[in-house]
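**Q** Dropping the sequence and predicted coords here.
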Amino acid sequence: PKTDAVLAGYRRESEEALILLVSYPEPDTAARAHAGFLKHYLPDADKNGMAMLENNKWCAAKVKDRLLMIVLEADSRQLADGLLKAVK
């Protein structure tokens, strides 16, 4: 009940992705959510929190303070990374 979230679709040139932003009340709650997401959804993520999914789409997750940023279904690693950098 104390968590705000937004899901948006993005298109850059011919590539598409979804981005989920979740704002938690406390930074430690966001960090736990990030760790749980990586553990359960992206166990193969690299040190940057990015992984290619079985459908050849990219997923990425980062946390900064109280904000959890997740890119879903990105057509490329570059798009996923660029969206995370734009949000930071």
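**A** Yep, it's here.
**Q** contacting residues for Ala61?
**A** 34, 37-38, 42, 45, 49, 68-71 (CB atoms under 8 Å, 6 or more residues apart in numbering). From N, CA and C alone the C-beta is placed, and that goes for glycine too.
**Q** can we see that at 10 Å?
**A** With contacts defined as CB atoms under 10 Å, 6 or more residues apart in numbering, Ala61 is in contact with 20, 33-35, 37-38, 41-42, 45, 48-51, 68-72, 80, 84.
**Q** Work out for me the element the residue most central in space within the chain sits within.
**A** Per CA atoms, centre = their mean, the C-alpha nearest to the average position across the chain is that of Ile70, at 1.4 Å. Per DSSP states H and E, Ile70 falls inside strand 67-74.
**Q** Give me the distance from that strand to the chain's centre.
**A** Strand 67-74 sits 2 Å away from the centroid of its parent chain (CA atoms, centre = their mean, to the nearest Å).
**Q** for that strand, packing partners?
**A** Using 3 or more CB pairs under 10 Å, 6 or more residues apart in numbering; DSSP states H and E as the contact test, the elements touching strand 67-74 are strand 4-12, strand 15-23, helix 27-40, strand 50-52, strand 58-64, helix 77-87.
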